[in-house]
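> quick one: sequence plus predicted model below, questions after.
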Amino acid sequence: MTDENQMDQGFAVPQQAKEKPKSGVTNPREAAEDLRSAAGASADEDLGRAEGVWHDARHRVRSFQDDGEQYVRENPTKAVFAALGAGFLLGFTFRR
C-alpha cells in the first residue's frame, strides 16, 4: 500500500516512520522500536488534540446551559408557555 493510499483511507504515517527505512536500518528490532516510538509520539499528539476538543465542547455546553437558565429566570412566563407548546406538539406527534 502506498503512502497516498494510506492517507486516502485515513491512516496517518508518522514522518519518522517514513524516514527510517530510507536511512538503511538493517536491524528489524531497531526499526520496530523506532516505529513504536514514532507511533507513541503521534498518539500523544492526537490525545492532546482530543482533550482540547473535549474541553471546548464541555465549555460550550455549560455556557449554553447557563444562558438557558438565565433566560428562564428572566422570562418565566414565556419559558412555561414554550415548554407547554413543545410538549403539546410532541404529544400530538407521538400519539399517532
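That came through fine.
> so where's the chain uncertain?
Flagging of the chain using pLDDT under 70 yields the residue ranges 1-26.
> at 50 what do you get?
For the chain, residues meeting the criterion pLDDT under 50 lie at 1, 3-8.
> in it, which helix is the longest?
helix 28-74 (DSSP state H).
> that one: how far from the chain's middle?
6 Å (Cα atoms, centre = their mean, to the nearest Å).
> and for stretch 77-93?
33 Å.
> could you do stretch 74-87 as well?
34 Å.
> what's that stretch in contact with?
71-72 (Cβ atoms under 8 Å, 6 or more residues apart in numbering). Yep, even glycine has a C-beta here, placed from its N, CA and C like the rest.
> hmm, back to that, tell me the helix or strand right after the longest helix of the chain.
helix 76-95 (DSSP states H and E).
> okay, buried residues for that following helix please.
Under the neighbour-count criterion of 16 or more other Cβ atoms under 10 Å, helix 76-95 has nothing buried.
> just the CA trace of that helix, in CSV.
What follows is helix 76-95 as a C-alpha-only set of coordinates in CSV (Å, rounded to 0.1, in the frame of the first residue of the first chain):
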residue,chain,number,x,y,z
PRO,A,76,-40.6,32.6,33.3
THR,A,77,-43.9,33.0,31.6
LYS,A,78,-42.5,32.7,28.1
ALA,A,79,-40.5,29.6,29.2
VAL,A,80,-43.5,27.9,30.7
PHE,A,81,-45.7,28.5,27.6
ALA,A,82,-42.8,27.4,25.3
ALA,A,83,-42.5,24.2,27.3
LEU,A,84,-46.2,23.6,27.2
GLY,A,85,-46.3,24.2,23.4
ALA,A,86,-43.4,21.9,22.8
GLY,A,87,-44.9,19.2,25.0
PHE,A,88,-48.3,19.6,23.2
LEU,A,89,-46.6,19.2,19.8
LEU,A,90,-44.5,16.2,20.8
GLY,A,91,-47.5,14.6,22.4
PHE,A,92,-49.6,15.2,19.3
THR,A,93,-46.8,13.9,17.1
PHE,A,94,-46.1,10.7,19.0
ARG,A,95,-49.8,9.9,19.8
